[in-house]
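**Student:** structure of the sequence below:
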Amino acid sequence: MQTVRTTKKLLGLAGASIAAVPFALGTALLVSPRPASADVTTYSTSNRVYKVGMLMIDSTADGGVDGIIDGTISPAEAVKGAENPDPHMFYIADSRTDLKPAGWTLENPLAPSTVTTDIFSRWSGPGGRDPAHPFAVGQKVTKDMAPYWEVSLTKSTLEELLQFDVLFITNHRRTRFTQADSEKLRKMVDAGGVVWMDNCGGMTIDQSGKFFLEQV
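**Tutor:** Here you go, the predicted structure:
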């Protein structure tokens, strides 16, 4: 694993594996400047809720034509939204008690409560990301559903992002960050959050705009 660190900043570049999740969460606990409890606890029995999410980058909706990415997002691609190739990673990690320390719970503080029409279109509608397992509009969103863990970088405010311990970015596409989105990530990391990036094949950072790591 390669990491880039400063005192309270970390961006991990790692091969994706469920076993690596406790490492990322442990790092969030170690580098976080948030006040620590004065109670005497032990690692094995202390309860902790980690706030985590799969960070969705708008530019990754562009799947290209004949393998060529031109930066244009078609109406159909806009409906499907950002690529999310590993939507259940945190659900599996939260369920693997053989890998997860006792007392650790993973949650997305921004998780939607019910399936909206946008969520339905993205995942279950014609041309959606997973029409074989359709949702129903109004259905309760639970941890075993992909949209529970999704967090939109562009739509989320800085204040909302600052709630998170770990945000995970992975895709197979050219990834472009707007200046505003890059600045939000920088401030989140400055505050002690962890941005975990995984290139699971074909992911590149578009050089047309600076990524916040260059300023760390």
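**Student:** what's the burial count for H133?
**Tutor:** Neighbourhood size, H133 [other C-beta atoms under 10 Å]: 10. Where C-beta positions appear, they are placed from N, C-alpha and C, glycine not excepted.
**Student:** I'd like the distance between it and Q139.
**Tutor:** Distance check for H133 against Q139: by C-beta to C-beta, to the nearest Å, it reads 12 Å.
**Student:** could you measure from T178 over to L153?
**Tutor:** T178 is 9 Å from L153, by C-beta to C-beta.
**Student:** more neighbours: which of these two?
**Tutor:** L153 (23 against 14).
**Student:** excluding its backbone neighbours, what's nearest that one?
**Tutor:** D181 (5.0 Å; C-beta to C-beta, 6 or more residues apart in numbering).
**Student:** and that neighbour, helix, strand or coil?
**Tutor:** With DSSP: H, G, I helix; E, B strand; the rest coil as the basis, D181 sits in helix.
**Student:** count of neighbours near it?
**Tutor:** D181 has 22 neighbouring residues, counting by other C-beta under 10 Å.
**Student:** next: G193.
**Tutor:** When neighbours are counted by other C-beta under 10 Å, G193 comes out with 24.
**Student:** my read: it touches V166, true?
**Tutor:** Yes. Using C-beta atoms under 8 Å, G193 makes contact with V166 at a distance of 7.2 Å.
**Student:** helix, strand or coil for A76?
**Tutor:** Strictly by three-state DSSP, A76 counts as helix.
**Student:** which residues touch the nearest residue to it once chain neighbours are set aside?
**Tutor:** Leaving aside its sequence neighbours, A76 sits nearest to G127 (C-beta to C-beta, 6+ apart; 5.8 Å). By C-beta atoms under 8 Å, 6 or more residues apart in numbering, the contact set of G127 is 76, 79-80.
**Student:** state the distance from the closest residue in space to D58 that isn't next to it in sequence to F90.
**Tutor:** Residue nearest to D58 in three dimensions, not counting chain neighbours: T154, with 5.2 Å by C-beta to C-beta, 6+ apart. Distance, T154 to F90, using C-beta to C-beta: 21 Å.
**Student:** the more surrounded of the two?
**Tutor:** Neighbours were counted for T154 and for F90 using other C-beta under 10 Å; F90 has more, 24 against 14.
**Student:** secondary structure element for the more buried one, which one?
**Tutor:** helix 89-95 (DSSP states H and E).
**Student:** how about that helix, which residues are buried there?
**Tutor:** Going by neighbour count (16 or more other C-beta atoms under 10 Å), the buried part of helix 89-95 is 89-91, 93-94.
**Student:** same deal with stretch 115-126?
**Tutor:** For stretch 115-126, the neighbour count (16+ other C-beta under 10 Å) marks 115, 119-125 as buried.
**Student:** one more: stretch 75-84?
**Tutor:** Under 16+ other C-beta under 10 Å, the buried positions of stretch 75-84 are 77, 79-84.
**Student:** just the closest of the residues you listed to W104, please.
**Tutor:** N84 (23.3 Å; C-beta to C-beta).
**Student:** show me what contacts that closest one?
**Tutor:** Contacts of N84 (C-beta under 8 Å, 6+ apart): 54, 56, 129, 146, 150, 171.
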